[in-house]
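Novice: with the input below, show me the fold.
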Amino acid sequence: MASTTTTEPWLMENGAVKGLSRETRHGHGHGRTAHNMSSSSLRKKSDMTLVSKVPCRLLRKFLANVQEVILGTKLFVLFPAIPLAIIAHHYGFSRPWVFGLSLLGLTPLAERISFLTEQIAYYTGPTVGGLLNATCGNATELIIAIFALIQHKVDVVKYSLLGSILSNLLLVLGTSLLCGGIANISKEQKFDRKQADVNVIILLLALLCHVLPLMFHYVGESAAVTAKATLDLSRASCIVMLVMYLAYLAFQLWTHRQFFEAQEEEDGDDVAEEETPVIGFWSGFAWLVGMTAVIALLSEYVVGTIESASESWGLSVSFISIILLPIVGNAAEHAGAVIFAFKNKLDISLGVALGSATQIAMFVVPLSVIVAWILGIKMDLNFNLLETSSLALSIIVTAFTLQDGTSHYMKGFVLLLCYVVIGACFFISRTPTGKFSFIITFTIVSV
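Specialist: Below is the predicted model:
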């Protein structure tokens with residue numbers, strides 16, 4: 001009990017200490033998800049010695065929050081890219097510079113969103129915290145998709161979301177298995193297949209919802225006849241996908257929660273140190289809202305300048321959207337997955353890669369179609385033959401890779417090479433931006 005009497009000033013909210021019992025932290029099931037664990041690997045412990053000497057309580061509390069939120073990550077060196085992107089935009093700098101700086105600025109923000117949702121979860125409990133994490137886990141992709149839809153850039157939405165799924169299944173998972181296999185080459189790495197099986201089955205359902213509109217488009221007598229039917233089928237499929245995602249959340253947060261909780265008891269590494277919140281509830285909520293607003297601003301810059309960056313760098317929009325955006329935007333989460341693979345904690349790495357892919361495929365993609373429907377924009381699930389084939393083969397290869405519950409570096413190497421081949425395919429692809437969207441719009445109008 002004596003330990004509860006020593007409190008830090010920066011853990012106070014509204015003038016009162018926000019104490020947390022052991023039951024609140026653990027007994028009520030605050031099992032940390034793989035996403036939380038992965039992001040925590042990039043955090044660093046803050047030294048509050050100087051902050052604690054500030055005499056003014058409000059100023060001390062503010063500086064402590066800044067210390068934890070801004071400087072409490074190993075990626076804090078990228079935060080200057082945010083004001084630089086804003087300055088570059090308002091003072092008419094070259095648009096590719098705005099694109100590059102905005103992309104760099106999004107990298108630490110994605111990791112900080114995960115940190116803030118975890119902090120809020122300490123106060124709200126595991127269920128609300130899990131729902132918040134499920135909603136904000138891929139906030140960057142969702143916000144970029146919404147701004148692209150507002151600007152009628154349907155192809156950018158499809159490319160970026162497809163790229164996020166491919167990067168999680170092939171790049172993140174492949175790098176994790178490769179690095180983990182090399183670091184633990186003397187022993188066989190094992191993981192719990194139950195979580196992987198659930199995610200793979202759901203991804204196959206998502207693939208079915210993408211393949212059927214594509215097949216429906218090709219088996220029809222003409223594009224003009226099948227275009228509207230393809231759009232209607234896509235919207236109906238999106239409703240099914242969202243229902244499946246709600247069932248997945250119930251499965252993950254309530255009925256089979258033990259499948260998805262990350263294991264923390266090994267080795268006593270710094271993961272176990274994150275047992276108490278470092279900021280208050282309302283402070284965390286305010287920071288979460290503020291950082292989401294900054295993500296929205298930078299996402300608008302990214303969407304508005306992607307064509308200029310494509311022309312200036314000599315890269316196709318499809319390559320930038322499918323390869324560069326997911327790599328840079330989710331670099332923090334990806335790095336965390338690889339770090340835990342090095343520590344022979346593949347369950348966490350798989351939870352990050354498969355969990356993100358499932359969330360994007362079953363939540364962000366169908367929600368984008370529904371939002372486009374509300375905005376009067378005709379977006380369907382027909383991602384073209386090349387893109388859908390890449391998605392199908394990636395899911396199938398991943399399913400075969402994880403089927404026996406063991407891993408070695410060769411499996412990761414194969415996944416990485418698959419990603420390299422797909423990247424090379426889109427690198428040489430020069431499909432004009434908006435061409436596919438124009439064809440669909442034209443044929444639907446002609447009906």
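Novice: do you know how far residue 195 is from residue 189?
Specialist: Distance from residue 195 to residue 189, counting by C-beta to C-beta, to the nearest Å: 15 Å. In short, each C-beta sits where N, CA and C put it, glycine included.
Novice: what do you get for residue 100?
Specialist: Separation of residue 100 from residue 189 (C-beta to C-beta) stands at 37 Å.
Novice: so what's the residue count around residue 373?
Specialist: 16 (other C-beta atoms under 10 Å).
Novice: show me where pLDDT drops low in the stretch 301-447 of the chain?
Specialist: Within the stretch 301-447 of the chain, the stretches with pLDDT under 70 are 430-447.
Novice: quick one, strands of the stretch 51-200 of the chain?
Specialist: Along the stretch 51-200 of the chain, the segments classed as strands by DSSP state E, counting those that start in this stretch run 189-190.
Novice: any idea which helix is longest in the chain?
Specialist: Scanning the chain for the longest helix, with DSSP state H as the assignment, gives helix 281-313.
Novice: so what does it touch, helix or strand wise?
Specialist: Helices and strands touching helix 281-313, as assessed by 3 or more C-beta pairs under 8 Å, 6 or more residues apart in numbering; DSSP states H and E, comprise strand 12-13, helix 57-69, helix 81-90, helix 95-124, helix 139-150, helix 317-319.
Novice: mind putting these into TSV with distance to residue 300 and mean neighbour count?
Specialist: TSV is the format used below for the helices and strands packed on helix 281-313 (distance: least, C-beta to C-beta, whole Å; neighbours: other C-beta atoms under 10 Å):
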stretch	distance to residue 300	mean neighbour count
strand 12-13	33	17
helix 57-69	23	17
helix 81-90	9	18
helix 95-124	9	23
helix 139-150	5	24
helix 317-319	17	24
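Novice: between these, which one is nearest to residue 176?
Specialist: Comparison of these against residue 176 by C-beta to C-beta identifies helix 95-124 as nearest, at 17.0 Å.
Novice: which parts of stretch 405-414 are buried?
Specialist: Using 16 or more other C-beta atoms under 10 Å as the test for burial, stretch 405-414 gives 407-409, 411-414.
Novice: which of those residues sits closest to residue 327?
Specialist: Here the nearest of the buried residues of stretch 405-414 to residue 327, counting by C-beta to C-beta, is residue 412; it sits at 16.7 Å.
Novice: hang on, that closest one in a strand?
Specialist: No - according to DSSP: H, G, I helix; E, B strand; the rest coil, the state of residue 412 is helix, so it is not within a strand.
Novice: that one against residue 170, yeah?
Specialist: No - counting by C-beta atoms under 8 Å, residue 412 stays clear of residue 170, with 9.9 Å between them.
Novice: the nearest residue to residue 111 once chain neighbours are set aside sits in which helix or strand?
Specialist: Leaving out its chain neighbours, the residue that sits closest to residue 111 by C-beta to C-beta, 6 or more residues apart in numbering is residue 332, at 3.4 Å. If you go by DSSP states H and E, residue 332 is part of helix 331-342.
Novice: helices and strands around that helix, which ones?
Specialist: helix 34-40, helix 95-124, helix 173-183, helix 346-359.
Novice: who are the neighbours in contact with residue 429?
Specialist: Residue 429 sits next to 316, 318-319, 386 when contact means C-beta atoms under 8 Å, 6 or more residues apart in numbering.
Novice: got the residue ranges for the helices in the stretch 151-300 of the chain?
Specialist: Ranges of helices within the stretch 151-300 of the chain are 154-166, 173-183, 193-219, 223-250, 281-313, based on DSSP state H, counting those that start in this stretch.
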